[in-house]
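Asker: Mind folding the following:
(one chain, ligands or ions: 2)
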Amino acid sequence: MNIKLLKSQIKTVSSITITGSKSESNRLLLLQALYPEIKIENLSNSDDSVVMSKALSSNSNAVIDIHHAGTAMRFLTAFFATQEGKEVTLTGSQRMKERPIQILVEALNQLGANISYLENSGCPPLLIKGKALTQNKISLKANVSSQYISALLLIAPKLEQGLELTLNGEITSIPYINMTLNLLNQIGVETSFKNNVITVNPLKSVSGDKTIVVESDWSSASYFYSIVALSPIGTQVELSSYKQDSLQGDSVLAELYQAFGVKTVFKGLSIVLEKTSQHQPDIAFNLVKSPDIAQTIAVTALGLGVKCDLEGLHTLKIKETDRLVALKNEIEKLGGDIEVTNETLHLKPFDGNFKLATIQTYNDHRMAMAFAPLALKTELKIEDAMVVSKSYPTFWDDLKSIGFQINQ
Ligand SMILES: O=C(O)C1=C[C@@H](OP(=O)(O)O)[C@@H](O)[C@H](O)C1
Ligand SMILES: C=C(OP(=O)(O)O)C(=O)O
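Answerer: Ligands and ions are numbered 1, 2, ... in the order given. Now for the predicted structure:
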């Protein structure tokens with residue numbers, strides 16, 4: 001379904017409630033499958049969490065299709081590797097079959113798992129024959145995807161002797177590893193993380209009432225930071241439910257968007273975003289800890305005509321699409337001047353003369369959502385708009401509720 005966004009202006013004051021963090025939810029769904037005593041509140045309503053939940057209750061010999069859900073693919077590979085006597089095929093979209101998983105498969109097989117590739121070596125689909133793992137020490141590269149590490153950590157407390165993980169090289173997306181460790185600690189698992197070595201102690205069962213409330217998704221909040229940044233001074237959007245001691249690395253938005261003139265006030269379980277000043281003329285960020293907001297930031301900079309240099313983007317090539325190439329293609333379509341490498345992005349100041357364009361979304365929810373705020377500057381069409389449901393099914397309804405004019 002393609003949509004047209006007419007040039008819009010949002011209400012001066014509005015509020016939105018955003019669904020639970022997809023990252024926290026998919027971790028907690030796996031932990032709940034291992035420890036049924038866990039209760040979860042404010043679970044994400046994203047496609048990725050729906051497929052995760054369904055997959056966890058699959059029977060033996062099932063063919064499980066997790067579509068585009070990367071954390072589901074990685075986390076479930078580790079989960080089913082340890083389900084003794086259960087054999088499953090884990091598959092996904094055509095793009096998922098191009099997203100590398102070799103580092104995780106090799107680590108699990110070295111621990112004693114039985115996982116094989118059914119099509120291309122190094123990528124899904126996988127044949128997983130569940131068994132008791134016999135080893136408890138492993139080392140793996142940490143600069144490709146933190147999801148491989150989180151997958152191993154999530155199953156670790158159920159291993160006889162727990163797990164000792166040595167991380168080799170630079171650690172990428174580290175807040176997601178810390179999120180995993182924090183959630184393990186919340187259910188009673190003892191862990192340590194020192195000098196690139198992580199240890200996880202065994203935990204047979206979770207005692208007492210362990211209800212965990214999922215914080216709303218900060219990556220989804222980024223689009224409203226962009227909207228406020230592109231709106232007149234005095235515009236306010238209130239989002240819930242968020243907290244200052246967030247587990248999500250994308251909570252860095254509160255700091256980064258000050259450069260775009262957006263102030264964040266924490267008010268109870270809400271955050272109030274307000275456009276309080278003009279933006280800086282020149283933005284330079286390292287996003288190695290928060291890769292999912294790179295598209296949002298680049299497009300905000302385009303909309304404000306700001307020079308923008310981003311680094312730490314080496315993981316973007318293997319996500320839902322090659323996000324660096326996709327950003328270059330679509331920003332150039334609008335008239336922007338952008339250069340990208342395998343790990344950086346450089347946007348020149350834009351004069352604001354937008355070309356009329358249909359934004360292609362490459363099966364990537366974040367392409368659709370990152371470009372939508374530009375409707376505050378120019379009319380634009382978005383192709384395959386419902387791709388947003390991967391993480392934020394109500395995105396277009398929420399934009400309409402604050403004043404965007406959208407034609408289906
Ligand atoms: O662990 C997680 O929940 C995630 C980790 C990140 O992936 P990488 O570690 O591959 O950067 C991020 O891009 C993804 O949206 C969610
Ligand atoms: C990369 C993302 O998700 P995943 O890796 O889980 O597909 C994302 O949500 O931006």
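
Asker: Mind jotting down where the helices sit in the stretch 1-150 of the chain?
Answerer: 22-34, 47-56, 70-81, 102-110, 146-155 (DSSP state H, counting those that start in this stretch).

Asker: Put together TSV for those helices, with distance to L399 and mean pLDDT on each row.
Answerer: Quick note: C-beta positions are derived from backbone N, CA and C, even for glycine. Output for these, formatted as TSV (distance: least, C-beta to C-beta, whole Å; pLDDT from 0 to 100):
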stretch	distance to L399	mean pLDDT
helix 22-34	19	98
helix 47-56	18	98
helix 70-81	25	98
helix 102-110	36	98
helix 146-155	29	98
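
Asker: Which one of those helices lies nearest to H314?
Answerer: Counting by C-beta to C-beta, H314 lies closest to helix 146-155 out of the helices of the stretch 1-150 of the chain; the figure is 12.3 Å.

Asker: where are the low-confidence patches of the protein?
Answerer: By pLDDT under 70, the chain contains no weakly predicted segment.

Asker: Let me see the domain layout of this protein.
Answerer: Taking automatic domain parsing as the domain assignment, the ranges for the chain are 3-20+216-407, 22-213.

Asker: Can you tell me which residues in the chain are near ligand 1?
Answerer: Residues of the chain lying close to ligand 1 (C-beta under 6 Å from any ligand atom) are 23, 71, 145-147, 150, 172-173, 176, 291-292, 315, 319.

Asker: can you redo the domains of the chain as TSV with mean neighbour count?
Answerer: TSV is the format used below for those (neighbours: other C-beta atoms under 10 Å):
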stretch	mean neighbour count
domain 3-20+216-407	20
domain 22-213	19
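
Asker: Quick one: the ones you listed as JSON lines, columns for distance to ligand 2 too.
Answerer: Shown next, in JSON lines, are the domains of the chain (distance: least, C-beta to the nearest ligand atom, whole Å):
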{"stretch": "domain 3-20+216-407", "distance to ligand 2": "4"}
{"stretch": "domain 22-213", "distance to ligand 2": "3"}
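
Asker: Could you dump the helices of the stretch 1-150 of the chain into TSV with distance to T12 added?
Answerer: Below are the helices of the stretch 1-150 of the chain laid out as TSV (distance: least, C-beta to C-beta, whole Å):
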stretch	distance to T12
helix 22-34	30
helix 47-56	33
helix 70-81	37
helix 102-110	48
helix 146-155	39
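
Asker: can you pull the contacts of the residue nearest to V288 when sequence neighbours are not counted?
Answerer: Excluding the flanking residues, the one nearest V288 by C-beta to C-beta, 6 or more residues apart in numbering is G312, at 3.1 Å. By C-beta atoms under 8 Å, 6 or more residues apart in numbering, G312 lies in contact with N286, L287, V288, K289, P291, E343.

Asker: Name the residue closest to the centre of the chain, please.
Answerer: The residue lying closest to the centre of the chain (C-alpha atoms, centre = their mean) is D292, at 5.7 Å.

Asker: Just confirm it is within a strand.
Answerer: No: assignment of D292 by DSSP: H, G, I helix; E, B strand; the rest coil gives helix, placing it outside any strand.

Asker: Wait, it touches S219, no?
Answerer: Yes: if you go by C-beta atoms under 8 Å, D292 and S219 touch, sitting 4.6 Å apart.

Asker: follow-up on the earlier one: how about the helices of the stretch 1-150 of the chain, which one is nearest V262?
Answerer: helix 22-34 (23.0 Å).

Asker: who does the closest one touch, helix- and strand-wise?
Answerer: Applying 3 or more C-beta pairs under 8 Å, 6 or more residues apart in numbering; DSSP states H and E, we find helix 22-34 packed against strand 38-41, helix 47-56, helix 70-81, helix 146-155, helix 174-186.

Asker: quick one on the thing from earlier: need the contacts of G312 in CSV (columns: secondary structure and distance to Q280).
Answerer: Listed next are the contacts of G312 as CSV, based on DSSP: H, G, I helix; E, B strand; the rest coil; distance: C-beta to C-beta, whole Å:
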residue, secondary structure, distance to Q280
N286, strand, 16
L287, coil, 17
V288, coil, 21
K289, coil, 21
P291, helix, 22
E343, coil, 23
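
Asker: biggest separation within the residues you listed, which pair?
Answerer: Greatest spatial distance among the contacts of G312 (C-beta to C-beta): K289 and E343, at 13.9 Å.

Asker: so how far is E238 from the closest residue to S391 other than its chain neighbours?
Answerer: Distances taken as C-beta to C-beta, 6+ apart place S46 nearest to S391, at 4.7 Å, with adjacent residues excluded. Separation of S46 from E238 (C-beta to C-beta, to the nearest Å): 22 Å.

Asker: same question, P373
Answerer: P373 is 17 Å from E238, where distance means C-beta to C-beta.

Asker: ok, now K11?
Answerer: 11 Å.

Asker: list the helices and strands the helix or strand where I198 lies packs on?
Answerer: Assessed by DSSP states H and E, I198 sits inside strand 197-200. Packed against strand 197-200 by the contact rule (3+ C-beta pairs under 8 Å, 6+ apart) you find helix 146-155, strand 163-168, helix 174-186, strand 191-194.

Asker: gap between that strand and the chain center?
Answerer: 24 Å (C-alpha atoms, centre = their mean, to the nearest Å).

Asker: Partner strands of it, with direction?
Answerer: The pairing partners recorded for strand 197-200 under DSSP bridges are strand 163-168 (antiparallel), strand 191-194 (antiparallel).

Asker: what sits up against the shortest one?
Answerer: The contact list for strand 191-194 (C-beta under 8 Å, 6+ apart) reads L153, I177, N178, L181, L184, N185, I198, T199, V200, N201.

Asker: let's go with 10 Å and repeat that
Answerer: The contact list for strand 191-194, computed with C-beta atoms under 10 Å, 6 or more residues apart in numbering, reads 153, 156-157, 162-165, 167, 174, 177-178, 180-182, 184-185, 198-201.
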